[in-house]
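Colleague: next comes the sequence, and after it the predicted model I'd like to discuss.
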Amino acid sequence: MAIVGRWPRAIFYDSKTTLFDWAWSWRDAAQSYLDKYGITASVDDFVERWVRNFEGYQRIAAFGQYTPITGVSMKNALADTFRQYGVEGDADTDIQVFERLQEQVPLFPDTEEALLAQQALGVKIIIYSDVEAKYLRMYVEKFEHFQPDLVATTDEAGYHKPNPWTYRWVLTKMGLEPRDVIYCAAPVFDIQGAMATGMIAAHLRRKEGRLSRATHTPGVMPADYEIESLHELTTIVEFNRYPERYQRKG
């Protein structure tokens, strides 16, 4: 049971590239497109261009009508990428390669152990994603022992990240205020929206499983915490919820 007055009361997680190695499915799909169309580019270069195109569509969608990311934004971004490589690709059919891979998207090695440890500290664990609900369910089913306190997607809220309304929808659903929560994500895009909503944010800079090779995004507000693993976030949460433990160690 959570102790009244302890902070944070919850950790609010992005799912893709934060808890689950979503980038793996991009790379695997990209390799199949390179092979199919004889594109003379590296997997990294193809994915980087595809991601940039995708992020453009998501920025448009964030403050407009909800759009399914795989069936619309990613597919349209794939079509743009094919055109940029001078290929007459069939994005309507080829996106199915990516869709079939979603069932195999793995957990990162630290994910389940860290979430169990964090939950044991008395915090609620929220997993929230832009990905369609059917895919998020596939990812969450990978947990062997951990049970999140909330699993939800932006299609339920009707707003994409980083629109502040989508974060507020989750907080209202959980009976939380922004000040109650640490938000944790790998994408800078997500972090900015969470901070605009009033949450403390931890930017997860994984060395592996990054969707983009870019290491710096100019002109953005830095997160409150910069971490390289979920175990670091466990330590941050324990220090804040139980500072007396560290006082005794000192």
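Modeller: Right, received. Where do you want to start? What you see is a predicted model; the values in this text were computed from it and never measured. Residues are numbered from 1 along each chain as shown.

Colleague: which strands and helices lie in contact with the helix or strand bottoming out on mean pLDDT in the chain?
Modeller: Sorting the helices and strands of the chain by mean pLDDT, DSSP states H and E puts helix 243-249 at the bottom, at a mean of 77. Under the contact criterion of 3 or more C-beta pairs under 8 Å, 6 or more residues apart in numbering; DSSP states H and E, helix 243-249 touches no helix or strand at all. Using the backbone N, CA and C atoms, a C-beta is placed for each residue, glycine as well.

Colleague: just confirm residue 228 contacts residue 202, I think it does.
Modeller: No: Residue 228 is not in contact with residue 202 according to C-beta atoms under 8 Å; the separation is 10.8 Å.

Colleague: all the helices of the protein, in order from the start?
Modeller: All helices of the chain, identified by DSSP state H, fall at 22-37, 43-62, 75-84, 91-101, 111-120, 133-140, 154-157, 164-174, 188-197, 230-241, 243-249.

Colleague: who's more crowded, residue 228 and residue 202?
Modeller: residue 202 (25 against 12; other C-beta atoms under 10 Å).

Colleague: just how off-centre is the least confident helix or strand of the chain within its chain?
Modeller: Computed by C-alpha atoms, centre = their mean, to the nearest Å, the chain-centroid distance of helix 243-249 equals 32 Å.

Colleague: quick one on the thing from earlier: among the helices of the chain, show the one with the smallest mean pLDDT.
Modeller: Mean pLDDT is lowest for helix 243-249 out of these, coming in at a mean of 77.

Colleague: report the residue ranges of every domain in the protein.
Modeller: Domain assignment for the chain by automatic domain parsing gives 10-21+106-249, 22-104.

Colleague: okay, how far is it across the last one, tip to tip?
Modeller: End-to-end distance of domain 22-104: 9 Å, with C-alpha to C-alpha, to the nearest Å as the criterion.

Colleague: residue 14: which of the helices of the chain is closest?
Modeller: For these, the distance to residue 14 is smallest for helix 188-197, at 4.9 Å, taking C-beta to C-beta.

Colleague: what is the end-to-end distance of stretch 138-153?
Modeller: One end of stretch 138-153 sits 13 Å from the other (C-alpha to C-alpha).

Colleague: ok, now stretch 100-109?
Modeller: Distance between the two ends of stretch 100-109: 22 Å, counting by C-alpha to C-alpha.

Colleague: can you list the residues that contact that stretch?
Modeller: With contact meaning C-beta atoms under 8 Å, 6 or more residues apart in numbering, stretch 100-109 is reached by 19-22, 24-25, 28-29, 70, 135, 138-139, 142-143, 206, 208-209, 230.

Colleague: and what of stretch 195-210?
Modeller: Contacts with stretch 195-210, where a contact means C-beta under 8 Å, 6+ apart, come from 8, 12, 17-18, 21-24, 108, 162, 164, 167-168, 171, 177-179, 181-186, 188, 191, 194, 221-230, 233, 236.

Colleague: now the contacts of stretch 100-109: which count as buried?
Modeller: Buried by 16 or more other C-beta atoms under 10 Å: 19-22, 24-25, 28-29, 70, 135, 139, 142-143, 206, 209, 230, out of those.

Colleague: picking that back up, relative to residue 147, which of the helices of the chain is closest?
Modeller: Comparing the helices of the chain against residue 147 with C-beta to C-beta, the closest turns out to be helix 111-120 (8.4 Å).

Colleague: what helices or strands is the closest one leaning on?
Modeller: strand 124-129, helix 230-241.

Colleague: mean neighbour count, those: which tops it?
Modeller: Mean neighbour count (mean count of other C-beta atoms under 10 Å) peaks for strand 124-129 among the helices and strands packed on helix 111-120, with a mean of 23.

Colleague: distance to residue 43 added to the helices and strands packed on helix 111-120, as JSON lines?
Modeller: JSON lines is the format used below for these (distance: least, C-beta to C-beta, whole Å):
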{"stretch": "strand 124-129", "distance to residue 43": "24"}
{"stretch": "helix 230-241", "distance to residue 43": "26"}
